[in-house]
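Participant: any chance you can model this:
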Amino acid sequence: MQESLRIIEQLIDNIPEGDYAVKMKGVVKLPEGEFYQRVESARGEFGVYIVSDGKKNPYRVKFRSPGFSNLFALNKMAAGHKIADLVAIMSTLDLVIPDIDR
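Facilitator: Model (predicted):
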């Protein structure tokens, strides 16, 4: 505990002067077009698809969760097994069912 307090005191002494919060413009306008970006997450690839018409709000926004991408492997993994084994097979994919049902 004492070492933790020393570390916190060092951090407090090194906080720079100035505003702690800066107001920023809340709206980001995208140029007209289609955009897709993916990033690696703990469960796999997370994707965001945006269609913009250049106005304040995008025309379409679609999220692709890692669980949805991983679900496609279930068909090959479950082939030849019984329905009762499906729960155990699905647990190996670490699925979050509400995340898939978007």
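
Participant: so where's the chain uncertain?
Facilitator: 102 (pLDDT under 70).

Participant: in it, where's the longest helix?
Facilitator: Criterion DSSP state H: the longest helix present in the chain is helix 2-13.

Participant: how about stretch 32-52: buried residues?
Facilitator: Residues of stretch 32-52 classed as buried: Arg43, Phe46, Gly47, Ile50, Ser52 (neighbour count, 16 or more other Cβ atoms under 10 Å). Just so you know, the C-beta spots here come from the backbone N, C-alpha and C atoms, and that holds for glycine as well.

Participant: could those residues go into TSV alongside distance to Leu95 and secondary structure?
Facilitator: Formatted as TSV, the buried residues of stretch 32-52 follow (distance: Cβ to Cβ, whole Å; DSSP: H, G, I helix; E, B strand; the rest coil):
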residue	distance to Leu95	secondary structure
Arg43	9	coil
Phe46	14	strand
Gly47	17	strand
Ile50	25	strand
Ser52	31	strand
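
Participant: distance to Pro98 for the residues you listed - can I get that in CSV?
Facilitator: As requested, those are exported to CSV (distance: Cβ to Cβ, whole Å):
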residue, distance to Pro98
Arg43, 14
Phe46, 15
Gly47, 18
Ile50, 22
Ser52, 27
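
Participant: between those residues, which is nearest Lys82?
Facilitator: Arg43 (26.3 Å; Cβ to Cβ).
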